[in-house]
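K.L.:
Next one to model:
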Amino acid sequence: MFELFFKYSKETFERGELIFASGWPIWLLVVLATAVAAAVGVSLARTRQGLALPKLAAIGVLQAAVLIGALVLLWRPALLSQTLRPQENSVAVLLDTSSSMTYGEGERSRLQQAVAALSDSALPALQETFDVDLYAFASGTTRLESLAEVPAPGAQTRIGDSLMSVLRGAQSGTLGAVVLVSDGSDNSNELDPARIAEIASFGVPVHTVGVGREQLPEDIELENVRIAARGARGSTVSAQVSIRHARGATAQLKVYDGQAILASESIELPNRAGVTTRTVDIDVGDPGIRDLRFTLDALPDERNAVNNTQLRPMEVPDERRHILYIEGEPRWEYKFIRRAVDEQGAVRLASLLRTTPNKFYRQGISSPDELEDGFPADEETLFEYDALMIGSYEAASLSPEQQNMIAEFVGRRGGSLLMLGGRRGLADGGWGATVVADVLPVRLPAAEAPSFERTQAKVRLTDEGARSLLTRLARDDEENRAAWAEMPDIADFQSLDGLKPGAVTLLEAEVQGESQPLLVHQHYGLGNAYVLASGGTWRWQMQLPHEDQRHETFWRQMLQTLATSAQSAVTLNAERAFYGDESRVTLRAEVRNRKFEPARDAAVTLAVDGAGDTRELEMTPVPGEPGVYTATFDAADEGLYRFEAVASAGEDMLGSARTAVRRADDIAEHFRVEQNRPLLERLAAATGGRYFPLADAAAIPEAVRFSEAGVVERQVLDLWNMPIVFLLLLLAKASEWVLRLFWGRL
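P.N.:
Numbers count the residues shown, from 1 in each chain. All right, here's what the predicted structure looks like:
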């Protein structure tokens, strides 16, 4: 219809430049148009015959429009257009044949719909004017002679690689455009802005054709699961699950270890498109490898259930972590903390309680000579612990060298430090004047008056605390808040002087109507530092029923967090825990010596066990990163792979570390299967092309004509003889005659 009135396509007008082909000066046209308008005005004024001014103006405008329009046509308005020269350029058509294109609506898949749309109009029209090179692509690119040779669906979509392959292989100067037909579900993780800019640098426009629906209301997807690669035996770990959805629903999440179910939780999804993130707690149990499977039950009308599952292995090491707790005086807090510790658990609490000025009482020690001389006097001894707790203990009882060791324990060794409130703790213990104060997440007040006072205070959970596993007393968020709201008051409180930048308050204390930070955390160097500004949590146990375990739960989680977050001498990590459709696994080990300094000349051996493959690899140092070693393994087959790195320096064994990854094929193509229109639009816009819905595929040949790549020619297209021009002139004159007749001027 557009071409019926305007002679040329809409694309021609959008890409063309308006000119006057007569070559006559524009100023002359303006002068003549002004003169014509003035002449019409003078003529009508002389023959007004009592006609009102508005009516006279209407007739004048119509008369002037007809005369000026005819005058403009004498200047030959035209479009200057640049198009590809027929039969001298090629066009590459790339058809997505990945597994995501097998999805569809009704009886036909996306791939069948795309083939039909190309066959009906776009491809024949392109072949009439250009040399058309047809390709199918998934993980690689294949040349096709015709659409009858479309291959079987591939296991991955690599749009960037396919475009680069075609652009690099094209004959220089003859490729006029690329037509990409795809759902945009690229899962290579390589089509970033830098890669798109590289594609655009070839100067060839890429016209994208989007296939498939942009939203799938009947589908929910377990988009991601974030969980620690390892957890302490007998502990509870928190997994963050993200669910993509297009409508409201109730999603039932189940967590399995092999065939054993570990957790089940209903998650309400809001009635809007987006991603909903929730946290689920899992009891990891005994040592070993947990082969975790997170699964959402399929909705009643859901067709794609593959994207409802995520696999994540987790190592539960058979080791105990060690905490050193020093206390300067016998007090109830010390007693109840020790009572909360399971002596057979994953955390050992070795305590040093000063009973008299020169006498200490030791508990939880592993050998008779452990802590025999009091607080460790050298770094190696202190660094054997994973965490350090300091109660009501004055700084002056430690030498400056020992105080420096505490700072190094957190910053360099990567250990955890917890300082408790008390009569000789924090500011009242003189810690504000030591290097340890730099480690703490809070500023300590000046020691002009005691900051520790015997006063009851109500404990409140903060928003940050509600998201932390450390302060989780119940699995449900609302139940957790209610559990904290019911806690008895603490018995004492120690004032602080504000938080440092980056510090997070997990618990607050309401003291005399004001909220004060109670439990505060921050990262420092490689480790973590906490302050619990009270020595009175024991009142929770005393005032709660004997079967209530909230006090024990809090302290077990606190001790596990302190111990398990500490750095080990040897760590081993893979780039990710799950590898789908990609077999190259890169592992990275960080190795330190007894002083927790980077071990530059260590020998690191990597043992691999999985999918029937057992072997050993040597890990090589990474240039510029002291103490870092890497190795690459090809996990060709599906299955669970276990890795163990063993590091030594000469005869000295530095330590070992383990991790695991899961390999599975044909998974990635079943995630994010809705059409990724924003990606296709960005790609087209960056290269000078256009995005087309599949229903508009017939408009592609016209858009290709106006490419600025390839061999082009310039055309001057006359506009004076467009049907719309004569229709407008006729309409203007007819309107004038009708008005004259109606107003009695004929």
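K.L.:
tell me the helices in the stretch 201-350 of the chain, going along the chain?
P.N.:
Assigned by DSSP state H, counting those that start in this stretch, the stretch 201-350 of the chain shows helices spanning 332-340.
K.L.:
All the strands of it, residue numbers only.
P.N.:
Counting by DSSP state E, counting those that start in this stretch, the stretch 201-350 of the chain has strands at residues 206-210, 221-226, 236-245, 249-257, 260-269, 274-283, 288-296, 309-316, 321-327, 347-356.
K.L.:
so of those, which one's packed in deepest?
P.N.:
strand 206-210 (a mean of 26; mean count of other C-beta atoms under 10 Å). For the C-beta atoms, the positions are set from N, CA and C on the backbone; glycine is no exception.
K.L.:
name the helices or strands packed onto that strand?
P.N.:
Under the contact definition 3 or more C-beta pairs under 8 Å, 6 or more residues apart in numbering; DSSP states H and E, strand 206-210 sits against strand 175-182, helix 677-687, strand 691-693, helix 700-705.
K.L.:
can you put the ones you listed in a markdown table and add mean pLDDT, mean neighbour count and distance to residue 604?
P.N.:
Below are the helices and strands packed on strand 206-210 laid out as a markdown table (pLDDT from 0 to 100; neighbours: other C-beta atoms under 10 Å; distance: least, C-beta to C-beta, whole Å):
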| stretch | mean pLDDT | mean neighbour count | distance to residue 604 |
| --- | --- | --- | --- |
| strand 175-182 | 91 | 28 | 43 |
| helix 677-687 | 94 | 19 | 40 |
| strand 691-693 | 94 | 19 | 50 |
| helix 700-705 | 84 | 22 | 56 |
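K.L.:
on that earlier part again, right, so of the strands of the stretch 201-350 of the chain, which gets closest to residue 401?
P.N.:
Residue 401 lies closest, by C-beta to C-beta, to one member of these: strand 321-327, at 16.0 Å.
K.L.:
now that closest one: mean pLDDT?
P.N.:
Strand 321-327 carries an average pLDDT of 94.
K.L.:
what do you get for stretch 386-406?
P.N.:
Across stretch 386-406, pLDDT averages out at 95.
K.L.:
Give me the distance between the two termini of it.
P.N.:
Terminal residues of stretch 386-406 are spaced 12 Å apart (C-alpha to C-alpha, to the nearest Å).
K.L.:
That stretch: which residues count as buried?
P.N.:
By neighbour count with 16 or more other C-beta atoms under 10 Å, stretch 386-406 contains the buried residues 386-395, 397-398, 402-403, 405-406.
K.L.:
For those, name the two members farthest from one another.
P.N.:
386 and 394 (24.4 Å).
K.L.:
rewinding a little: switch the helices and strands packed on strand 206-210 over to a markdown table; also include distance to residue 311.
P.N.:
Output for those, formatted as a markdown table (distance: least, C-beta to C-beta, whole Å):
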| stretch | distance to residue 311 |
| --- | --- |
| strand 175-182 | 27 |
| helix 677-687 | 26 |
| strand 691-693 | 35 |
| helix 700-705 | 41 |
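K.L.:
for the ones you listed, which one sits closest to residue 378?
P.N.:
Judging the helices and strands packed on strand 206-210 by C-beta to C-beta, what sits closest to residue 378 is helix 677-687, at 57.7 Å.
K.L.:
ok, back up a step: tell me which of the strands of the stretch 201-350 of the chain sits nearest to residue 679.
P.N.:
Nearest to residue 679 among the strands of the stretch 201-350 of the chain is strand 206-210; the distance by C-beta to C-beta comes to 8.7 Å.
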